[in-house]
Every structure is written in structure tokens, then in C-alpha cells.
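Participant: What follows is a predicted protein model with its sequence.
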Amino acid sequence: AGDKIATAVVGDFTEDYEVMVPYQALLMVGHTIHTVCPDKKAGDKIATAVHDFTEFQTYQETRGHNFVLNFDFDKVNPSDYDGLVVPGGRACEYLRLNPKVVEYTEYFLKNNLPLAAVCHGIQILVCCPSIKGRTMTCYFACNPEVKLCGANYKEVAVDDVVVDKNLVTAVAWPGHPKFLSSFLELLGTTFGSK
């Protein structure tokens, strides 16, 4: 493994598991991952939220951890990265209003580079021109946005993913095993046996 570099665009109330688990998994396999947030720098924190699936008609949100950013948003040059992770959570509602966030995401789509989006993360993808005609999944309440932007929504189990060329999408954090496995495959990550 090793030597790949990815970035994750996050913000206040990004879903806790959807940022922390990919962050730790990519580090575990020897990759570098820069976590960035508009208007914040390395060392700043974001507040996360935990979305849990309980007896309610939709997810229940509780306060998560403070997640420390490790890179300055203003220093990001998409061409320096091998892949992009777009975690879900409420942050995506406002992150997509930042033209640079959309520009960075579009770069990965347009250049057929590995891009992994989970849950509400597609709220950023649907703002990108190159998403039209692509097939993806997401948290079920976001599927109208997928359809409205000209992409194809595919309903899958909460622990499953959809892979369309360079794009892997998942419904929510229960899909992390397949989500991360698919993203690592797109990155070309290999593991030697001991």
C-alpha cells in the first residue's frame, strides 16, 4: 500500500463516522489524507454529528467529536491528489455553496480520478456538470437531487455501494467496508501477504 494522497472536504456537522473511518483507514494502509474545510486551516476543528438509524422515520442526529483538520483549504491544488473523499452529514448542504468545493469535486469527476461520496455527500456531487448521466446511490432522502441533476439513482441496501467508473457511492456509514474497499481498489492500492 502507501504513497497515495487523498483529500477529504469537510465542515461543521459532517457525519462523524463518515469522516473518521475513511481518514483512519487511509492512514492505516499508508496513504496520506488531507482533511480540509473552507475558511479553516490545519489545526482548526470542525464539530461532527453522529447520524444513527433508530426507530424514527429518518436518522437521529447527535453531537459527535471535534475533528482536527490537518491541511489548509486554501493550499489545496486538486492535481496534487490521487483521490477525493466526500463524507456526508449536514455540512454538505452549505459546503456545496462554496465554488471551490464544487470546482475541486468536478476536477475528480472530469479527470476520471477516484472519488468516494457517502450519504449526503452527493449534495456536493449534484452541483458538478460532469455528474450528469452517472449512476450513484445516497441516503434515500437525497435521491430526488440525484434525479434532478440528470444522474441515475440506484437504490441499494444500507451496507452496499454503487461503483460507476471512478465514482464509488454509499448510502451511509454501514456501507464502509464495501465503500472503502472499492475506493482503495480505484486508488490502485494493493496489499502483499505476509
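Facilitator: Nice, I can see it.

Participant: can you pull the pLDDT of the residue nearest to Tyr17 when sequence neighbours are not counted?
Facilitator: Of all residues not flanking Tyr17 in the chain, Trp173 sits nearest, at 4.0 Å (Cβ to Cβ, 6 or more residues apart in numbering). All C-beta spots, glycine's among them, are computed from the backbone N, C-alpha and C. pLDDT for Trp173: 94.

Participant: Check Thr137 too.
Facilitator: Reading off the model, Thr137 has pLDDT 98.

Participant: And Ser193, by the same measure?
Facilitator: On the pLDDT scale, Ser193 gets 60.

Participant: Ok, Lys178 next?
Facilitator: Here the pLDDT value assigned to Lys178 is 98.

Participant: So which residues of this protein form helices?
Facilitator: Assigned by DSSP state H, the chain shows helices spanning 16-28, 91-95, 99-110, 122-125, 143-148, 176-187.

Participant: Output the contacting helices and strands for the shortest one.
Facilitator: Secondary structure elements in contact with helix 122-125, counted by 3 or more Cβ pairs under 8 Å, 6 or more residues apart in numbering; DSSP states H and E, are strand 83-86, helix 91-95, helix 99-110, strand 115-118, helix 143-148.

Participant: other SSEs contacting the last one?
Facilitator: So that's helix 143-148. Secondary elements touching helix 143-148 (3+ Cβ pairs under 8 Å, 6+ apart): helix 122-125, strand 152-153.

Participant: repeat that for 10 Å
Facilitator: helix 122-125, strand 135-136, strand 152-153 (3 or more Cβ pairs under 10 Å, 6 or more residues apart in numbering; DSSP states H and E).

Participant: can you check the fourth one too?
Facilitator: In terms of contacts (3+ Cβ pairs under 10 Å, 6+ apart), strand 115-118 is packed against strand 5-9, helix 16-28, strand 83-86, helix 99-110, helix 122-125, strand 161-164, strand 167-170, helix 176-187.
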